[in-house]
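In: the sequence isn't on hand, but the structure is:
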């Protein structure tokens, strides 16, 4: 009787030890779980689709190189279809059930702002791929974003206008969050650059013809038009301007950074000036440019893998995942708080959107030089100033 | 406002209006033979443009458009065969809900076959930068194409519905389906034909407006809403009236932009639409009693 008892206790001890050992080993090999919320389908699919593809590609690359801290990386991608409600429930699911260390995305500003508080209170890192400044201003300690700020785009446009001697402009924007934020930024920074906005109009996101509103703008005696939008109508504007015989320069926002919009506008797109990250002109950069290497690598990998042109939006997801990877490696831990502070200490990190230097006060990490002024020449993107 | 500007607003109105009109005509045909509003009509428009665009690299534009129209027509016919014909009790409401479902289905399939990106067919004459100057105002040659093709469709439809046996049979189905079938008209065939016809017209519309409006998988619904508004405004079932109503709505929108911020465009247009419907519930050009919408 006593013998059996000792045997049983011994067995129990042995198995529990064995399990403990097994668990420890498993923890080392257990994948690092990261969530991603992208608008893969729906009205913002031009953002979410390349983002999801980019992450899929990058995860394979990272795992082929041995993962992060020797552990494989697992990214759970959720398709929000640009709906803030879905983004909220996916974020909850990722945080509570999947227990992810971080969430990449969402693709749009509206969704991001809806889950900003949620991630902050759950102390889960959020690296957004959306544009709005309010994502990182005011700063929430766990919330970061990779796309350049709207205000830099507006300032960059005005600086170019100053060089061209343009003083009186007309503004059109799509009636979306992105468009309205753009009008706000343009109005805010116009006075200090000595530029007068004679007229500002918004159009419906499904607009099919904009000659009427352009006629109205043209009657104001303006010297340039700025169009701020991410919807397809941004290719209708240049066509309609040519049809109306308007010969003033057209400036677009960084939302124009997709070669499909150039193709849709055809020869009317020639000469459009817009601020953008350097991804679209990667090959044209000098070899010693700090971003040259990362841009060309991403572009070639993406284009050969998916057989479609790279867009800046996919680049935002690329940056988000690489920044997270860098943060985990710097912290040498998958602890959320330690990784978060490590990200704040990332300096001079070249990404597709620019060279990132984060700080506790700056969770975007990009300066105004992350934008380059581009133009369209012979149906292709080119540097505005050679 | 100078004369050139007034003329320019008129041209803008005509441009927008002609796009609305050509979409609106498609609604009328299915309505005429079945009494239902096909909410997937916008998707036919999208399919026409997007299919033609896929063919353009390999063949001349005209051939691509013809092929796109043929394929869309086949899809229209298939939809009727699979989803509408098998209904045991085809009440109007049920059929309408089915068409709403179909519109979502087609949109999602299009997203998977093609993608989310925008496309535009080349201009039929000239290019993106060509414009015709009339008394100092400008208009794109493509608008003349849209107007011309719309006119052609209307004339052809009038001829078809009033002077051919099949057309008259379709009208008989619309008036009273049971009576028509008692007279020996194959009503099921007529319903199928009406889906084919409106799919074909939708596809033609989709190809003609594509250089102006551009084509992407989700373009159908917003266009269909405007087309539906115009069809109601003109009086459901009447294609000539739809064209006039389309141009009227286009001009209203265009002149409202000249006076007020563009954001109010739809408010003005829809308010006027509501007023008209209060006083002439059958539509602007509908003289006979309101057959329209009674089944709702």
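Out: Sure, I can see it. Because the structure is predicted, anything quoted here is derived from the model rather than measured.
In: run the chain-centre distance for stretch A:249-258.
Out: Counting by CA atoms, centre = their mean, to the nearest Å, stretch A:249-258 is centred 16 Å from the centre of its parent chain.
In: tell me the average confidence for it?
Out: Per-residue pLDDT over stretch A:249-258 has a mean of 90.
In: before we move on, what about stretch A:175-182?
Out: On average, stretch A:175-182 scores 84.
In: so that stretch, near chain B or not?
Out: Yes: on the criterion CB under 8 Å from any CB of the partner chain, stretch A:175-182 is in touch with chain B at residue A:175. (Glycine included, C-beta is placed from N, CA and C.)
In: what sits up against that stretch?
Out: A:108-110, A:131-133, A:150, A:153-154, A:173, A:202-205, A:228-231, A:253, A:255, B:263 (CB atoms under 8 Å, 6 or more residues apart in numbering or on different chains).
In: among those, which are located in strands?
Out: Per DSSP state E, strands hold the following members of the contacts of stretch A:175-182: A:173, A:202, A:203, A:228.
In: burial count for the residue nearest to the last one when sequence neighbours are not counted?
Out: Yep, that's residue A:228 we're talking about. Nearest non-adjacent residue to residue A:228, counting by CB to CB, 6 or more residues apart in numbering or on different chains: residue A:182, 3.2 Å away. For residue A:182, the neighbour count with other CB atoms under 10 Å in any protein chain shown is 27.
In: which helix or strand contains residue A:182?
Out: Secondary structure assignment for residue A:182, by DSSP states H and E: helix A:177-189.
In: name the residues of that helix that are buried.
Out: A:177, A:178, A:179, A:181, A:182, A:183, A:184, A:185, A:186, A:189 (16 or more other CB atoms under 10 Å in any protein chain shown).
In: going by distance to residue B:157, which of the residues you listed wins?
Out: Nearest to residue B:157 among these: residue A:179, at 39.4 Å, using CB to CB.
In: contacting residues for the nearest residue to the closest one once chain neighbours are set aside?
Out: Take residue A:179 and drop its neighbours on the chain: the residue closest to it by CB to CB, 6+ apart is residue A:173, 3.6 Å away. Taking CB under 8 Å, 6+ apart, we find residue A:173 in contact with A:179, A:180, A:182, A:183, A:200, A:201, A:202, A:203, A:227, A:228, A:229.
In: turn these into a markdown table, including distance to residue A:139.
Out: Shown next, in a markdown table, are these (distance: CB to CB, whole Å):
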| residue | distance to residue A:139 |
| --- | --- |
| A:179 | 25 |
| A:180 | 23 |
| A:182 | 22 |
| A:183 | 25 |
| A:200 | 30 |
| A:201 | 34 |
| A:202 | 30 |
| A:203 | 34 |
| A:227 | 31 |
| A:228 | 25 |
| A:229 | 28 |
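In: check the ones in strands among the contacts of stretch A:175-182 and tell me the two furthest apart.
Out: Using CB to CB, the pair of the ones in strands among the contacts of stretch A:175-182 lying farthest apart is A:203 and A:228, separated by 10.8 Å.
In: can you pull out the strands in the chain?
Out: Using chain A. A:32-38, A:73-79, A:102-104, A:125-128, A:143-145, A:168-174, A:196-203, A:224-228, A:250-252, A:273-276, A:349-350, A:355-356, A:372-377, A:380-383.
In: looking at chain B here, not the other one
Out: Listed in chain order, the strands of chain B (DSSP E) span B:132-134, B:137-139.
In: what's the most buried one of those?
Out: Mean neighbours per residue, mean count of other CB atoms under 10 Å in any protein chain shown, is largest over those for strand B:137-139, with a mean of 22.
In: can you tell me if that one touches chain A.
Out: Yes: applying CB under 8 Å from any CB, one finds that strand B:137-139 is in contact with chain A at B:138, B:139.
In: quick revisit: okay if I get the strands of chain B as a markdown table plus distance to residue A:247 and mean pLDDT?
Out: A markdown table is the format used below for the strands of chain B (distance: least, CB to CB, whole Å; pLDDT from 0 to 100):
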| stretch | distance to residue A:247 | mean pLDDT |
| --- | --- | --- |
| strand B:132-134 | 14 | 87 |
| strand B:137-139 | 12 | 88 |
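In: wait, does stretch B:265-285 contact chain A?
Out: Yes: for a cut-off given as CB under 8 Å from any CB, stretch B:265-285 has contacts with chain A, namely B:265, B:266.
In: pull the distance from that stretch to the chain's centre.
Out: Mean C-alpha position of stretch B:265-285 versus that of the full chain (CA atoms, centre = their mean) differs by 19 Å.
In: avg pLDDT for stretch B:2-20?
Out: For stretch B:2-20, mean pLDDT rounds to 89.
In: what residues does that stretch touch?
Out: A:208-209, A:211-212, A:215, A:219, A:244, B:134-140, B:143, B:146-147, B:150, B:209, B:212-213, B:223, B:226-227, B:229-230, B:246-255, B:257-258.
In: all set now, cheers.
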